[in-house]
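Asks: Sharing a sequence plus its predicted fold:
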Amino acid sequence: MLEEKENMADFSEKWGTDVDTAVQLALADLKLTIDEVDVTVLEEPSRGFFGIGSKLALVRVEKKKKPEEKVQPQKADAPRKENTKKDIKKQVEKEPVVKEIKEERRPKEEKISEENLKVCESHPALDFLKEVTSEMGLELEISAKEGEEVLYVDIQGKDSGTIIGKRGQTLDAIQYLTSLVVNKDKEKYTRVVVDAENYRSKREKTLEALAQRLATKVVKTRKSVKLEPMNPYERKVIHATLQNHPKVVTRSEGQDPYRRVIIELK
């Protein structure tokens, strides 16, 4: 489900790129400060290979009980690791809510027309992607076309599903890393698009259909709908699909990579 359920409990479990990011998200969800909660780290983050297959941190942030509400804790089968309030508070005050990736030179993403692109046999992006996919043990065919300010990489093969990942998350990570390689020490920014089995076009059609379906739901129930966090291009698809809708409007809230679209009545 792409819709998010409202949390009405006195605790919140959140994922984040690191522990303090997850804690901040939970605090925002509960509308509490670090002094008003107890924090338990359920899963530690890990980096993975080249950022692919990385594991997020999971925390449980619970509103502190009043003295009369406290009960004797039961013995757990496997004790969970818990950071002290002092440690968590120090981390939260030190770092921002979300560590955003700064890409000041990056233009807004738009559709690419392959008609004006030329096939390139040799390119740093190809070398990088072949090395990464080889290290991941994937059998793929990688080709590229380039224009004056754009590089389009197409990936095909039996392991393309693995390179796409859940809702394109692995593909987006690969695209970001490839963009770093291509634009390293360059004055002029080159937009890099990495696609696999025409996934991005299919995903766009799925998002357009989703936007229309949820807009109908909002009109019928008269209740706003929050979508899952999406990257800037996917949010743009939702906004563009509903920009001329007679009864609903869209807006975004939050910070990347957790920024999401909200559909609501006009």
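Replies: Looks like it came in fine. If you're wondering where the values come from, they're calculated on a predicted model, not measured in any experiment.
Asks: List the residues that contact the closest residue to Gly16 other than its chain neighbours.
Replies: Spatial nearest neighbour of Gly16, excluding adjacent residues (Cβ to Cβ, 6 or more residues apart in numbering): Ala22 at 3.0 Å. C-beta coordinates here come from the backbone N, C-alpha and C atoms, glycine included. Counting by Cβ atoms under 8 Å, 6 or more residues apart in numbering, Ala22 makes contact with 14-16, 56-59.
Asks: element containing Ala22?
Replies: Ala22 is part of helix 19-30 when elements are defined by DSSP states H and E.
Asks: follow-up on the earlier one: now the residue nearest to Gly16: how far from Ser12?
Replies: Between Ala22 and Ser12 the distance is 10 Å, computed by Cβ to Cβ, to the nearest Å.
Asks: Please apply the same query to Arg191.
Replies: 37 Å.
Asks: show me where the chain has helices.
Replies: Assigned by DSSP state H, the helices in the chain fall at 19-30, 85-94, 124-135, 160-164, 169-183, 199-221, 232-242.
Asks: Of the ones you listed, which stretch is the most buried?
Replies: Mean neighbour count (mean count of other Cβ atoms under 10 Å) peaks for helix 19-30 among those, with a mean of 22.
Asks: how far does that one sit from the chain's center?
Replies: Distance of helix 19-30 from the chain centroid (Cα atoms, centre = their mean, to the nearest Å) equals 16 Å.
Asks: Also stretch 227-237?
Replies: The answer for stretch 227-237 is 9 Å, by Cα atoms, centre = their mean.
Asks: Same question for stretch 177-185.
Replies: 20 Å.
Asks: which residues touch that stretch?
Replies: 50-51, 105, 124-125, 128-129, 132, 151, 153, 189-192, 194.
Asks: follow-up on the earlier one: and the gap between the residue nearest to Gly16 and Val132?
Replies: 27 Å.
Asks: Contact partners for Asp159?
Replies: Taking Cβ under 8 Å, 6+ apart as the test, what Asp159 contacts is 133, 138-140.
Asks: Check the spacing between it and Glu131 real quick.
Replies: In terms of Cβ to Cβ, Asp159 sits 15 Å off from Glu131.
Asks: now do Arg259
Replies: Arg259 is 31 Å from Glu131, by Cβ to Cβ.
Asks: sorry, back to before: might you specify the subset of the contacts of Ala22 located within strands?
Replies: For the contacts of Ala22, the ones inside strands are 14-16, 57-59, with DSSP state E as the criterion.
Asks: ok, Leu126 - contacts?
Replies: 120, 142, 144, 153.
Asks: Could you double-check that Ala144 sits in contact with Lys118?
Replies: No - look at Ala144 against Lys118 with Cβ atoms under 8 Å: they stay out of range, at 9.8 Å.
Asks: of the two, who's got more company?
Replies: A count of neighbours by other Cβ atoms under 10 Å puts Ala144 above the other of Ala144 and Lys118, at 22 against 9.
Asks: Identify the bridge partners of the more buried one.
Replies: Beta-bridge pairing of Ala144, defined through DSSP bridges, involves Val153.
Asks: change the start of the numbering to 219 and stick with it
Replies: Got it, the first residue is 219 from now on, which makes the last one we talked about Ala362.
Asks: quick one: it and Leu395, what's the gap?
Replies: Distance from Ala362 to Leu395, by Cβ to Cβ: 15 Å.
Asks: do the same with Pro447
Replies: Taken as Cβ to Cβ, the span from Pro447 to Leu395 is 20 Å.
Asks: How about Leu428?
Replies: Distance from Leu428 to Leu395, counting by Cβ to Cβ: 28 Å.
Asks: Same question for Tyr407.
Replies: 16 Å.
Asks: Likewise for Arg477?
Replies: Using Cβ to Cβ, Arg477 is found at 21 Å from Leu395.
Asks: Same question for Lys281.
Replies: From Lys281 to Leu395 the distance is 39 Å (Cβ to Cβ).
Asks: cool, Cys338 as well?
Replies: Cys338 is 19 Å from Leu395, by Cβ to Cβ.
Asks: So which of the contacts of stretch 395-403 is the closest to Asp390?
Replies: Asp390 lies nearest to Val412 out of the contacts of stretch 395-403, by Cβ to Cβ, at 8.5 Å.
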